[in-house]
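Build me a structure from this.
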Amino acid sequence: MSVIEKTSTQDHLLEEAFGAPVRELYAQATGPEASAALVRALELRSFLVVAEEQVARVRDRVHAATAADRDMNELSADNLRFDAQWLEAALSGRNGYVAALGELLRVMPEPGQRPGRPVRFAQQKITAVASPAPPPPRAGAVRAHRP
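As a prediction, this is how the structure comes out:
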């Protein structure tokens with residue numbers, strides 16, 4: 001199933017920020033007038049959907065392993081420890097995507113607002129001149145001063 005079909009916990013923020021349902025946002029993002037912010041936000045959302053799916057998968061596996069009707073002899077501390085590490089990694093990725101998406105939505109320009117002219121970056125000019133290299137020392141030679 002495509003990430004377009006799946007939901008994420010941050011879909012409401014995207015819909016609020018861009019003024020359309022997520023499915024429509026993906027359609028807009030393929031057009032020539034799509035803003036860079038929309039394209040990046042949807043890329044982050046796609047990664048977030050996958051990360052949240054991983055979190056849910058591990059969570060469900062732990063719940064199944066620790067269900068009240070499960071045989072206690074089937075419990076494995078090693079498996080639960082591995083699942084805890086996997087869950088930590090999945091949550092870390094998810095939290096990173098949520099933070100990046102939130103930051104993007106916070107700093108992006110208002111919809112329809114485009115810069116009047118392209119942003120130009122000033123190039124740095126080197127103004128210092130390097131001093132000449134010192135002459136190489138002569139191996140053990142000492143100049144004798146003649147009177």
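
which residues of the chain fall in helices?
11-18, 22-29, 36-65, 77-107 (DSSP state H).

what bits of the chain have low per-residue confidence?
111-147 (pLDDT under 70).

80 instead?
For the chain, the stretches with pLDDT under 80 are 1, 109-147.

looking at it, A65 is touching D78, isn't it?
No. Using C-beta atoms under 8 Å, A65 makes no contact with D78, being 11.5 Å away. Using the backbone N, CA and C atoms, a C-beta is placed for each residue, glycine as well.

More neighbours: these two, which one.
Neighbours around A65 and D78, counted as other C-beta atoms under 10 Å, are more numerous at A65. The numbers are 14 against 7.

Return the residues in contact with the more buried one.
Contact analysis of A65 by C-beta atoms under 8 Å, 6 or more residues apart in numbering lists 74-76, 79-80, 83.

Identify, from these, the entry nearest to P32.
Distances from P32 to those, taken as C-beta to C-beta, are shortest for D83 (45.5 Å).
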